[in-house]
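**Q** what follows is a predicted structure for the sequence shown.
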Amino acid sequence: MKFNLILIKKNKKKLKKLDLGKKLLFSMIIVFILTINIYAQEVVDMIVAKVGREIILVSELARHINQMRNAQMWDARMTEIEILESMVENKLIVQKARELNIAIDDRRITNMVDAQIAQVRASFSTEEEFFRELRAAGFVLSDLRQYYEDLIREQFLRERLIQSEIRSRIHITDAELLVFFDEEQENFPIRETSYELAVIMRIPSASSETDNEALEKINHIKRLLDIGEDFEDLAREYSDCPSGRYGGDLGYFSRGMMVEEFENVAFDLSLNQVSDIVKTDFGYHIIKHTGSRGNEVQASHILVMIRETEGDIEVERDLLLDLKARISNGEEFGYLAMMYSHDENSKENHGIIREFTQEEFPPWFANDLINLEIGEVSDVLIHQNILYLFTINQIIEPRPYEFSEVNEQLREILMQRKQYDLYEEWIEELKNEIYVEIYEDRLNVFRRG
């Protein structure tokens, strides 16, 4: 659904997150250094702002502006004072976060820094080229690491503080949403021509023969375990679960995280005990209890899935073809949907899903649905082994949106608007709490020449 309302004032002061790109970002760092050198040659570096005990220099502002330009975040309408004010805001937030001792996961920061440096390295054809560029910029690897660590740490502090000081204070009631809907309705776009779509969906189930084949395989694995073969080796060889590559290890989990049949057995086993065969909706399992801590257990398993075969799929295809013929002979699509569809969300409503614009049609069926006439039934369509018949009940002409269709989008817009207002108020509070001085006249250096 396309529903883009221009209802939120643009916050020119608010910092955007930097695009920590690949080689572009590395080149950007080099440009920063060159920029600082140019300014050092032209003017004596000056303080342009004080924030608490910290300062912002002309060279830092120049570096930040080039940072934005090279990251394609610069807008020609931006001014140096706007960028400086955003830098001041960021320092205020980081200082406040440090004052409140907001905790940061250092290991996560290290992992993100490692990943970012790996991205930068990967953008060069060789390691030698990477280090050559680094040396040419006057950097060593530790400088680059420190740059990313400072940047990511500040972003984490900022996000955590904004979450605790602003987002957590915003609450939106349904009554507010209705008032907002009424006030802004004239600004909403008109809903495009839409189509009431109905479906009969069938999910193939494995035949008894397929089930028996899976059961025979899991029994074979159990016999191998009973004569002493290694659980982890058998999991790697036979298990259909991705955990098989790790010897079947599922890690620790508490009750409610696994399907009931599985977890009941896992929690009843003693340490290193291996279960009998357990059947769930996923297939047949053999479970081994490998550890406990508090209310959690650690388990490994071997899974043999009960996969539907091409023959099972053909059974459902034949059924849908028969239903399509019955509809052609006069039976109602909606009645047959209630009788045969596996889609629990739509079957009780005569198969009706909802209204879709053409752009909202499921992409894997879009071409088939666009060409349907009212009352016409589609061919049997299949996606990920699930089979469908569709029909279009009616075409709805362009009309205004109803509240129920846009309430979630409205909630997000109202949330952003409230967040913006609270952010502005909060920044002003911080400015009263933490000393701030901006020397706007010293920005003339950017206008020379």
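**A** Right, received. Where do you want to start? Residues are numbered from 1 along each chain as shown.
**Q** burial measure for E263, as a count.
**A** Counted by other CB atoms under 10 Å, the residues lying close to E263 total 19. Just so you know, the C-beta spots here come from the backbone N, C-alpha and C atoms, and that holds for glycine as well.
**Q** what's the pLDDT at it?
**A** The model reports E263 with a pLDDT of 93.
**Q** buried stuff in the host helix or strand of it?
**A** Element membership for E263, per DSSP states H and E: helix 260-268. By neighbour count on 16 or more other CB atoms under 10 Å, the buried set for helix 260-268 is 262-263, 265-267.
**Q** surely K50 forms part of a helix?
**A** No: counting by DSSP: H, G, I helix; E, B strand; the rest coil, K50 falls outside a helix, being strand.
**Q** the closest residue to it other than its chain neighbours in helix, strand or coil?
**A** Leaving out its chain neighbours, the residue that sits closest to K50 by CB to CB, 6 or more residues apart in numbering is E437, at 4.6 Å. Secondary structure state of E437, per three-state DSSP, is strand.
**Q** before we move on, what about the one 5 residues further on?
**A** Applying three-state DSSP to R442 yields a three-state assignment of helix.
**Q** how about the contacts made by it?
**A** By CB atoms under 8 Å, 6 or more residues apart in numbering, the contact list for R442 reads 46-48, 58.
**Q** and if you look at L250?
**A** L250 neighbours (CB under 8 Å, 6+ apart): 243, 298-301.
**Q** dump these to CSV, plus secondary structure, distance to K431 and neighbour count.
**A** Converted to CSV, the contacts of L250 look like this (DSSP: H, G, I helix; E, B strand; the rest coil; distance: CB to CB, whole Å; neighbours: other CB atoms under 10 Å):
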residue, secondary structure, distance to K431, neighbour count
S243, helix, 53, 19
Q298, strand, 52, 17
A299, strand, 55, 26
S300, strand, 57, 25
H301, strand, 58, 25
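**Q** quick one: which of these is nearest A62?
**A** Minimum distance to A62 across the contacts of L250 is 52.6 Å, recorded for S243 (CB to CB).
**Q** next one: the closest one from P398, what distance?
**A** Separation of S243 from P398 (CB to CB, to the nearest Å) stands at 51 Å.
**Q** with Q384 instead?
**A** To P398, Q384 is 33 Å away according to CB to CB.
**Q** likewise for Q273?
**A** Remark: distance between Q273 and P398 (CB to CB) = 65 Å.
**Q** also N101?
**A** On the measure of CB to CB, N101 and P398 end up 55 Å apart.
**Q** out of these two, which sits in the busier spot?
**A** Per other CB under 10 Å, whichever of N101 and P398 has more neighbours is P398, with 11 against 6.
**Q** need the contact list for the nearest residue to that one once chain neighbours are set aside.
**A** Distance criterion CB to CB, 6+ apart; nearest residue to P398, sequence neighbours excluded, is I190 at 5.0 Å. If a contact means CB under 8 Å, 6+ apart, then I190 has 398-401 as its contacts.
**Q** phi and psi next, for I190.
**A** Main-chain dihedrals, I190, degrees, to the nearest 10: phi -80, psi 140.
**Q** repeat that for T126.
**A** phi -140, psi 160.
**Q** count the neighbours of it for me.
**A** Residues within reach of T126, counting by other CB under 10 Å, total 9.
**Q** I'd like the numbering to begin with 311 instead of 1 from here.
**A** All right, first residue 311 from here; so that's T436.
**Q** for this protein, just list every one of the strands.
**A** Using DSSP state E, the strands of the chain run over residues 357-361, 364-367, 504-512, 559-563, 584-590, 593-603, 606-615, 662-667, 691-693, 696-706, 746-748.
**Q** would you list these in a markdown table and tack on mean pLDDT and distance to M648?
**A** Shown next, in a markdown table, are the strands of the chain (pLDDT from 0 to 100; distance: least, CB to CB, whole Å):
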| stretch | mean pLDDT | distance to M648 |
| --- | --- | --- |
| strand 357-361 | 91 | 66 |
| strand 364-367 | 90 | 68 |
| strand 504-512 | 95 | 9 |
| strand 559-563 | 92 | 38 |
| strand 584-590 | 95 | 29 |
| strand 593-603 | 94 | 31 |
| strand 606-615 | 94 | 31 |
| strand 662-667 | 92 | 11 |
| strand 691-693 | 95 | 20 |
| strand 696-706 | 95 | 14 |
| strand 746-748 | 91 | 67 |
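**Q** figure out which of those strands is closest to K406.
**A** Using CB to CB, the strands of the chain put strand 357-361 closest to K406, at 10.8 Å.
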